[in-house]
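**Student:** A predicted structure for the sequence below; I have some questions about it.
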Amino acid sequence: MSDLYQLTNEQMAKLTPFFPKSHGKPRVDDRRVLSGIIFINRNGLRWRDAPRENGPHKTLYSRWKRWSEKGIFAQMTVGLAAEHGEEMIVMIDATYLKARRTATSMAAKKGGRGRLIGRTKGGMNTKLHAICDSRGRPLSLFVTAGQVSDYIGARALLSSLPKVDWLLGDRGYDADWFREALQDKGIRACIPRRKKRKAPVRYDKRRYKRRNRIEIMFGRLKDWRRVATRYYRCPKVFLSAIALAATVIYWL
């Protein structure tokens with residue numbers, strides 16, 4: 001039992017407000033089932049390889065699929081991250097997540113763009129766009145196909161930016177429309193210029209060095225094997241795996 005993951009009473013108290021109401025027959029023990037779901041996603045195991053202590057693997061998979069489709073795990077991350085208290089700095093970046101054959105194996109008519117998997121130089125990938133606070137904790141998450149530009153992710157995450165003084169981003173976010181949108185929100189951009197931009201852009205190089213915290217965040221999320229490698233065909237279920245990892249690592 002020492003190698004198994006078990007949610008504590010304090011962690012369960014934080015998660016319980018996000019659980020859907022049980023209708024009819026009472027649910028199987030939430031702590032046991034959620035602990036098993038976390039164990040599977042973190043270690044990249046098959047559902048049938050779930051530890052016996054967490055109950056039947058069919059129960060774990062059924063709960064995982066049902067709550068993922070309802071967006072429960074994403075709601076947990078959003079709800080807990082809402083108490084971030086950040087007022088100074090946020091960071092934006094994106095990273096590639098490799099898609100396995102199990103996520104890309106269906107025919108083109110049923111898969112393709114709707115599955116948010118795209119071909120890049122590194123093969124078939126999904127792209128995770130994220131905003132994190134000055135401590136490197138994820139505040140907003142968004143997934144697209146691998147070939148989608150950083151601009152698309154930035155546009156999608158723009159409305160979720162909190163009221164802060166600075167936004168740090170790499171040169172991939174150097175666009176006039178993005179700088180103007182940040183200015184309208186009262187946020188100062190700390191983004192170096194693209195090589196193609198002729199006019200020089202001033203930015204705080206010392207402050208920019210702190211951007212490595214979002215890279216560290218991506219690294220920690222990828223320690224979860226079902227995040228680093230996409231096994232799930234459904235993008236909503238895959239986003240749930242990312243959200244669950246973010247919740248357990250940073251918000252519990």
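**Tutor:** That came through, no problem. Bear in mind the structure is a predicted one, so any value in this text is a computation, not a measurement.
**Student:** in this protein, which spans are strands?
**Tutor:** For the chain, the strands defined by DSSP state E occupy 89-99, 118-120, 123-133, 138-145, 166-168, 188-190, 229-230.
**Student:** what's near enough to touch Ile72?
**Tutor:** By C-beta atoms under 8 Å, 6 or more residues apart in numbering, the contact list for Ile72 reads 18-20, 240. Just so you know, the C-beta spots here come from the backbone N, C-alpha and C atoms, and that holds for glycine as well.
**Student:** do the same with Thr126
**Tutor:** Contacts of Thr126 (C-beta under 8 Å, 6+ apart): 96-97, 99, 116-118, 143-146, 230, 235, 238.
**Student:** that one and Lys236, how far apart?
**Tutor:** Distance, Thr126 to Lys236, by C-beta to C-beta, to the nearest Å: 12 Å.
**Student:** joint contacts of the two?
**Tutor:** Joint contacts of Thr126 and Lys236 (C-beta under 8 Å, 6+ apart) do not exist.
**Student:** and the strands of the chain, which one's lowest on average pLDDT?
**Tutor:** When the strands of the chain are ranked by mean pLDDT, strand 118-120 comes last with a mean of 86.
**Student:** helices or strands up against that one?
**Tutor:** Contacts defined by 3 or more C-beta pairs under 8 Å, 6 or more residues apart in numbering; DSSP states H and E place strand 118-120 against strand 123-133.
**Student:** starting at the chain centroid, how far to the strand it packs on?
**Tutor:** Remark: strand 123-133 is offset 7 Å from the chain centroid, using C-alpha atoms, centre = their mean, to the nearest Å.
**Student:** repeat for stretch 5-14
**Tutor:** Distance, centroid of stretch 5-14 to centroid of chain: 21 Å (C-alpha atoms, centre = their mean).
**Student:** buried ones in it?
**Tutor:** Judged by neighbour count (16 or more other C-beta atoms under 10 Å), stretch 5-14 contains these buried residues: 5, 7, 11, 14.
**Student:** measure the third one to Asp30 for me?
**Tutor:** I take that to be Gln11. From Gln11 to Asp30 the distance is 11 Å (C-beta to C-beta).
**Student:** and the first one, by the same measure?
**Tutor:** Separation of Tyr5 from Asp30 (C-beta to C-beta) stands at 14 Å.
**Student:** kindly report the same for the second one.
**Tutor:** Distance, Leu7 to Asp30, using C-beta to C-beta: 9 Å.
**Student:** now for the two: what residues contact both?
**Tutor:** In contact with both Leu7 and Asp30: no residue, using C-beta under 8 Å, 6+ apart.
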